[in-house]
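Asks: Prediction below, plus the sequence it came from.
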Amino acid sequence: MEMGKILIMLGIFLIIFGGILILFEKVPFGFGKLPGDIVFKKDGFTFYFPIVTSLIISVLLTLILNLVFWLLKK
């Protein structure tokens, strides 16, 4: 593949990913604070594990990257 095509696809991916992040900021319960994310708070200690957020990001990135690779094969 040509380097130019790779850079264009990377740029398109970054624009799409940035748009998704902007849209998720407007979600009422906030992206990264979804129901199912694990938070433990104790005396001066907070443990935060965004498991549901991680799953959603994983699914979205998988779909986007599969689309990008499918477009590159054409």
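Replies: Received, thanks.
Asks: Check which helices and strands the strand or helix carrying residue 39 sits against.
Replies: Using DSSP states H and E, residue 39 sits in strand 38-42. Under the contact criterion of 3 or more Cβ pairs under 8 Å, 6 or more residues apart in numbering; DSSP states H and E, strand 38-42 touches strand 45-49. From N, CA and C alone the C-beta is placed, and that goes for glycine too.
Asks: next structured bit after the strand it packs on?
Replies: Next helix or strand after strand 45-49 toward the C-terminus (DSSP H and E): helix 51-73.
Asks: Tell me the spacing between the residue sitting furthest away from the middle of the chain and residue 49.
Replies: For the chain, the largest distance from the centre (Cα atoms, centre = their mean) belongs to residue 43, which lies 31.7 Å off. According to Cβ to Cβ, to the nearest Å, residue 43 stands 19 Å off from residue 49.
Asks: now the most centrally placed residue in the chain: how far from residue 8?
Replies: Geometric centre of the chain, nearest residue: residue 57, 3.7 Å, by Cα atoms, centre = their mean. Noted for residue 57: a distance of 23 Å to residue 8, by Cβ to Cβ.
Asks: ok, the residue nearest to the centre of the chain - contacts?
Replies: For residue 57, the contact set (Cβ atoms under 8 Å, 6 or more residues apart in numbering) is empty.
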